[in-house]
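Enquirer: Got a predicted structure plus its sequence, pasted below:
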Amino acid sequence: MGMVEFLITGGVVLLIFGGSRIPSLLKAMGEAKAGYRRAIDGKDDSDAETLD
C-alpha cells in the first residue's frame, strides 16, 4: 500500500471515528488479535480434552 492510500485511509478513519475514539479502537483491535492468536495456538482452551 502506497503512502497516498495510507493517508486517505487514515483520513477517512479519522472522519468516521473522531480523534478521541481512535486509541480505544486500536486497543480493541489489538485485544481481538491477541485473543485470536491464543485461540489458534490452543492456549485459550483450558477445558479441552487432549488427544493422545
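Expert: Looks like it came in fine.
Enquirer: rest of the way, CA atoms for contacts and neighbours
Expert: Noted.
Enquirer: Count residues in the vicinity of residue 20, would you?
Expert: Applying the criterion other C-alpha atoms under 10 Å, we find 9 residues in the vicinity of residue 20.
Enquirer: Compute the distance between it and residue 14, please.
Expert: Distance of residue 20 to residue 14, computed by C-alpha to C-alpha, to the nearest Å: 9 Å.
Enquirer: Work out the gap between the helix ranked longest in the chain and the centre of the chain.
Expert: Among the elements of type helix in the chain, defined by DSSP state H, the one spanning the most residues is helix 22-41. Between the centre of helix 22-41 and the centre of its chain there are 4 Å (C-alpha atoms, centre = their mean, to the nearest Å).
Enquirer: mind listing what's buried in that helix?
Expert: Neighbour counts over helix 22-41 (16 or more other C-alpha atoms under 10 Å) mark no residue as buried.
Enquirer: send the alpha carbons of that helix over as CSV?
Expert: Once side chains and other backbone atoms are set aside, the C-alpha atoms of helix 22-41 remain, and they are given as CSV (Å, rounded to 0.1, in the frame of the first residue of the first chain):
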residue,chain,number,x,y,z
ILE,A,22,-9.1,6.1,17.7
PRO,A,23,-6.9,4.9,20.7
SER,A,24,-9.7,2.8,22.1
LEU,A,25,-10.5,1.4,18.7
LEU,A,26,-6.8,0.4,18.2
LYS,A,27,-6.7,-1.1,21.7
ALA,A,28,-9.8,-3.2,21.0
MET,A,29,-8.3,-4.4,17.7
GLY,A,30,-5.1,-5.4,19.5
GLU,A,31,-7.0,-7.4,22.1
ALA,A,32,-9.0,-9.1,19.4
LYS,A,33,-5.8,-10.0,17.6
ALA,A,34,-4.2,-11.4,20.8
GLY,A,35,-7.4,-13.4,21.5
TYR,A,36,-7.4,-14.8,18.0
ARG,A,37,-3.8,-15.9,18.3
ARG,A,38,-4.4,-17.5,21.7
ALA,A,39,-7.3,-19.4,20.3
ILE,A,40,-5.3,-20.6,17.3
ASP,A,41,-2.4,-21.7,19.5
